[in-house]
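Asker: Just the structure for this:
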Amino acid sequence: MSKDKARPTIGIDGLVLPILPPERDGRVWAKLVRVMFYTPGFLAMLLLKAGEPEAFGISVELLMLSSAAAIVGGLFIGTQSSGGGADRSSQIGIWSGSLVLELLAVVPLMCAIPSLFHELAHSRLLHAVAPGSLDISLGVSELLPMVAILPFMLYQLAGFGTLDYIVPKRVNWGVNIGILCLIIASYVANREGAYGWEKRFATILVVAMALTVFYGVLKLKQMQMTYDAKCPPKGYQAAAKAA
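Answerer: Here you go, the predicted structure:
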């Protein structure tokens, strides 16, 4: 991974070099790993204790996946190296780890949170109905946890996400619109009590994210290999201009 302020854009063969993601601070991503490990794990235990098993369905599985994926992302980030002895894999450690966190930790968490809030709000174990009490519906306010999906979509589609450097923009838009639609479909199925459909939508989402991560990590490695093989050596451009 190049640490030059301005990366070369044209290779020694005269062709355009791959556009790699920018430098990222591994310390920030390492801190995010800790947050993404503990938060979904705590929520999963809370739901197991307070929710009704037939209702929370796949939410616990999504939360545990998010927690476990954070550890895998941390493994990738921990391999990052750009000094002496760095190989192709270690040069893309942070990028690969960020891809795992974005798609296999954050996306399942975003999918589980709306259903989690709905189940906790209506849990008969947490909210015992007293004689003569009224069951007040939260109404549209139950959708508030889903608002977190919108800045995540902005993060992905505005060029902050790692996936934006791996696939064409049209594919990136397609993947993220698919994420949004599957999350909404899963939540609606949970609200309607169609837990079988909820599990299908969530399963499709997880499988699609796993395949995307698998492709993305291999693509990043291929891009780094191409970049290293065709990148002009230091001083090449200055010498070319002087000539």
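
Asker: what stretches of the chain score poorly on pLDDT?
Answerer: For the chain, the stretches with pLDDT under 70 are 1-5, 48-57, 84, 120-142, 234-243.

Asker: Run a quick neighbour tally on the closest residue to Leu104 other than its chain neighbours.
Answerer: Distances taken as CB to CB, 6 or more residues apart in numbering place Ala69 nearest to Leu104, at 3.7 Å, with adjacent residues excluded. Bear in mind the C-beta positions are built from the backbone N, C-alpha and C, glycine included. Neighbour count of Ala69, defined by other CB atoms under 10 Å: 28.

Asker: which residues touch the strand or helix carrying Ala69?
Answerer: Using DSSP states H and E, Ala69 falls within helix 59-78. Here helix 59-78 makes contact (CB atoms under 8 Å, 6 or more residues apart in numbering) with 26, 29-30, 32-34, 36-41, 43-44, 47-48, 51, 93-94, 96-98, 100-101, 104-106, 108-109, 111-112, 115-116, 119, 190, 202, 206, 217.

Asker: make it 7 Å
Answerer: For helix 59-78, the surrounding residues in contact (CB atoms under 7 Å, 6 or more residues apart in numbering) are 26, 29-30, 33, 36-37, 40-41, 43-44, 47-48, 93-94, 96-97, 100-101, 104-105, 108-109, 111-112, 115-116, 119, 202, 206.

Asker: Ok, stretch 219-232 next?
Answerer: 8, 11-13, 17-18, 20, 88-89, 91-92, 95-96, 166.

Asker: where along this structure do the strands fall?
Answerer: Using DSSP state E, the chain contains no strands.

Asker: Centroid-nearest residue for it?
Answerer: Nearest to the mean C-alpha position of the chain, by CA atoms, centre = their mean, lies Glu102 at 1.5 Å.

Asker: for the protein, which helix is longest?
Answerer: For the chain, the helix that runs over the most residues, judged by DSSP state H, is helix 195-230.

Asker: Name the residues of that one that come out as buried.
Answerer: Buried residues in helix 195-230, defined by neighbour count with 16 or more other CB atoms under 10 Å: 195, 198-202, 205-206, 208-209, 212-213, 216-217, 219-221, 223-224, 227, 230.

Asker: and it, how far out from the chain's middle?
Answerer: Centre-to-centre, helix 195-230 and its host chain are 10 Å apart (CA atoms, centre = their mean, to the nearest Å).

Asker: Tyr155 versus Asp164, what's the distance?
Answerer: Asp164 sits at a distance of 10 Å from Tyr155 (criterion: CB to CB, to the nearest Å).

Asker: picking that back up, how about the CA coordinates for the helix holding Ala69, as PDB?
Answerer: Presented in PDB, the C-alpha positions along helix 59-78 are these (Å, rounded to 0.1, in the frame of the first residue of the first chain):
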ATOM      1  CA  SER A  59     -32.500 -11.400  15.200                       C
ATOM      2  CA  VAL A  60     -30.200 -13.100  17.700                       C
ATOM      3  CA  GLU A  61     -28.500 -15.000  14.900                       C
ATOM      4  CA  LEU A  62     -27.800 -11.700  13.100                       C
ATOM      5  CA  LEU A  63     -26.500 -10.100  16.200                       C
ATOM      6  CA  MET A  64     -24.100 -13.000  16.900                       C
ATOM      7  CA  LEU A  65     -23.000 -12.900  13.300                       C
ATOM      8  CA  SER A  66     -22.200  -9.200  13.600                       C
ATOM      9  CA  SER A  67     -20.200  -9.800  16.800                       C
ATOM     10  CA  ALA A  68     -18.300 -12.700  15.300                       C
ATOM     11  CA  ALA A  69     -17.600 -10.900  12.000                       C
ATOM     12  CA  ALA A  70     -16.000  -8.100  14.000                       C
ATOM     13  CA  ILE A  71     -13.400 -10.500  15.300                       C
ATOM     14  CA  VAL A  72     -12.700 -11.700  11.700                       C
ATOM     15  CA  GLY A  73     -12.400  -8.100  10.600                       C
ATOM     16  CA  GLY A  74      -9.900  -7.500  13.400                       C
ATOM     17  CA  LEU A  75      -7.800 -10.400  12.200                       C
ATOM     18  CA  PHE A  76      -7.500  -8.800   8.700                       C
ATOM     19  CA  ILE A  77      -6.700  -5.400  10.200                       C
ATOM     20  CA  GLY A  78      -4.000  -6.900  12.500                       C
END
